[in-house]
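Chemist: after the sequence you'll find the predicted model.
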Amino acid sequence: MASKRRKSIRATAGGAAGCGPFGIFLFFGLIWLLVQYWWVLVVAGVVVAMIVALVKSAKTPRPLATPRPPAPVQAPEPKPVRKPKPARTPEPIPLAGDELAAHMRALKHASRVRAMQDWDYEWILLAFPGKSSREISEIANAHFARGRSIGVNYGDPSVPSFKTPKPGQRSP
């Protein structure tokens, strides 16, 4: 019986092993497919890499927690005191007619009195240049408490103002 001889490497170099001369066409066809559809291979490689990374991260055990030092003992915090709700101001009643006119006159009078008191305070500051601000405030408060104003009748309540009727005249 004749023993089978092995084929040399040169004999198989002519084409793909076991395909004969047709193997070279298969080889070039495979190269063409790789060149044509390279992006499919890249996407598939990325998907495989992500799956491998997920599997590896899921299998790795979590690091052991380091024990914390015990916290110093403190007195328990008091419960917060409930804050009172802010006081609600009643909604203003819309004014009309005579009420509105009286309200506007009162506001105008208050603003004039405030302006006169500011003017009086400035005059008192000029009249007493050596006094401290506390002493000036005391003088001004005493001045205003007596109902006096430098802006009206020069601080003398005995001098009649423009709105008061003269003696002997009756108001209509």
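Modeler: Alright, I've got the coordinates. Just so you know, these numbers come straight off a predicted model, no measurement behind them.
Chemist: can I see the domain layout of this structure?
Modeler: Split into domains by automatic domain parsing, the chain comes to 23-59, 98-155.
Chemist: so for Pro92, which of these sits nearest?
Modeler: domain 98-155 (10.2 Å; C-beta to C-beta). Every C-beta, even on glycine, is put in place using the N, C-alpha and C of the backbone.
Chemist: pLDDT on that closest one, on average?
Modeler: Mean pLDDT, computed over domain 98-155, is 81.
Chemist: again with stretch 55-65
Modeler: Mean predicted confidence for stretch 55-65 is 76.
Chemist: go on, stretch 31-49?
Modeler: Stretch 31-49 comes out at a mean pLDDT of 90.
Chemist: which residues are contacting that stretch?
Modeler: Residues from elsewhere that reach stretch 31-49 (C-beta atoms under 8 Å, 6 or more residues apart in numbering): none.
Chemist: for the longest helix belonging to the chain, name the packing helices and strands.
Modeler: When the chain is parsed with DSSP state H, its longest helix is helix 98-127. Under the contact criterion of 3 or more C-beta pairs under 8 Å, 6 or more residues apart in numbering; DSSP states H and E, helix 98-127 touches helix 133-145.
Chemist: buried sites along the helix it packs on?
Modeler: Buried residues in helix 133-145, defined by neighbour count with 16 or more other C-beta atoms under 10 Å: Ile136, Ile139, Ala140, His143.
Chemist: thinking again about what came up before, closest one to Pro72 among the domains of the chain?
Modeler: domain 23-59 (38.0 Å).
Chemist: does Leu41 count as helix, strand or coil?
Modeler: Classification of Leu41 using DSSP: H, G, I helix; E, B strand; the rest coil returns helix.
Chemist: tell me how many other residues crowd it.
Modeler: Look at Leu41: counted by other C-beta atoms under 10 Å, it has 11 neighbours.
Chemist: again, but for Gln74
Modeler: 6.
Chemist: how about it, secondary structure?
Modeler: Gln74 ends up coil, using three-state DSSP.
Chemist: for Pro67, see how far away it is.
Modeler: Separation of Gln74 from Pro67 (C-beta to C-beta, to the nearest Å) stands at 20 Å.
Chemist: ok, now Arg82?
Modeler: 39 Å.
Chemist: got a list of what Ser133 touches?
Modeler: Ser133 neighbours (C-beta under 8 Å, 6+ apart): none.
Chemist: make 112 the first number, not 1, from now on.
Modeler: In the new count, where the first residue is 112, that last one comes out as Ser244.
Chemist: any idea how far it is from Tyr232?
Modeler: 11 Å.
Chemist: same deal with Tyr148?
Modeler: With C-beta to C-beta as the criterion, Tyr148 and Tyr232 are 93 Å apart.
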